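>>> got a sequence here, can you model it:
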Amino acid sequence: MALWHGQARLSIAGLELFQPVPQNAADPGAARRFLRRLLGRSLDGGAHCHDDEAMPRLAIYQPDIPQNTGTMLRLAACLGVPVEIIEPAAFDVSDRNLRRSGMDYIQHVTITRHISWRAFEAWRQEAGGRLVLATTKGAIPYADFTYRPDDVVLVGRESAGVPEEVHAAADARILIPMQPGMRSLNVAVTAAMILGESLRQTRSFPQPDTINP
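Below you'll find the predicted structure:
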């Protein structure tokens, strides 16, 4: 375990988790206390919303474009949604690079990095979350699908989507209806639309008293 630039990096069972650590030079035990709270909250396989109940997560499969990933991290930060990044990515998925694309919003989102699809699937099977795949080959329009608080909404690579192995592992496949002849939406737009509907259905949006005026 290493600490740098206000971040905690934990490597456990094939995954890495980044979360902001309070800066307090006068209290060297602050980071350790924070990590103890973090371990109890974020590595138990259940994301938590503001009332400490399960809420949907966003999973990003082998992302190609850091700017899109940064936009999705900003989205997740604003909505309080945990993010799973499934590697390998086409760019350096480091704390510094994510900060560059996600600006200061990355300080407010829990990011778990899985070193491979198999590592992610092992984590998901243990956690028990349902995998909901966003795909142009999906059978159910996203607004007609019934979401659950334990869902993991997965978006694919900008260049290639996801392979058949991932399609086969999905518990559900959903699509966003589009005009004929249009190939696909930007992946960050797709994530925003689906997360918005899933949070609405599961009543997982941030509560009004937690929103800054």
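
>>> what residue ranges in the protein score low on pLDDT?
1-53, 95-103, 209-213 (pLDDT under 70).

>>> how does it look with 80?
1-53, 94-104, 208-213 (pLDDT under 80).

>>> quick one, longest helix in it?
Counting residues, the longest helix found in the chain (DSSP state H) is helix 187-202.

>>> that helix: which residues count as buried?
Val187, Ala188, Thr190, Ala191, Ala192, Ile194, Leu195, Glu197, Ser198, Leu199, Gln201, Thr202 (16 or more other Cβ atoms under 10 Å). Glycine gets a C-beta too; all of them are placed from N, C-alpha and C.

>>> can you tell me how far the first one sits from Pro149?
When Cβ to Cβ, to the nearest Å is the yardstick, Val187 and Pro149 sit 23 Å from each other.

>>> show me where this structure has helices.
29-42, 66-79, 95-102, 117-127, 164-169, 187-202.

>>> buried residues, the second one. List them.
Judged by neighbour count using 16+ other Cβ under 10 Å, the buried positions of helix 66-79 are Pro66, Asn68, Thr69, Gly70, Thr71, Met72, Leu73, Arg74, Leu75, Ala76, Ala77, Leu79.

>>> thought Asp150 was touching Gly129?
Yes: Asp150 lies in contact with Gly129 (Cβ atoms under 8 Å); the separation is 4.7 Å.

>>> who has more neighbours, those two?
Gly129 (24 against 17; other Cβ atoms under 10 Å).

>>> tell me the contacts of the more buried one?
Neighbouring residues of Gly129 by Cβ atoms under 8 Å, 6 or more residues apart in numbering: Gly45, Arg57, Asp150, Asp151, Val152.

>>> separate out the buried members of the residues you listed.
Counted by 16+ other Cβ under 10 Å, these give Arg57, Asp150, Asp151, Val152 as buried.

>>> between those, which is closest to Ala119?
Val152 (14.0 Å; Cβ to Cβ).

>>> quick one: contacts for that closest one?
Pro56, Arg57, Leu58, Ala59, Glu84, Arg124, Gly129, Arg130, Leu131, Val132.
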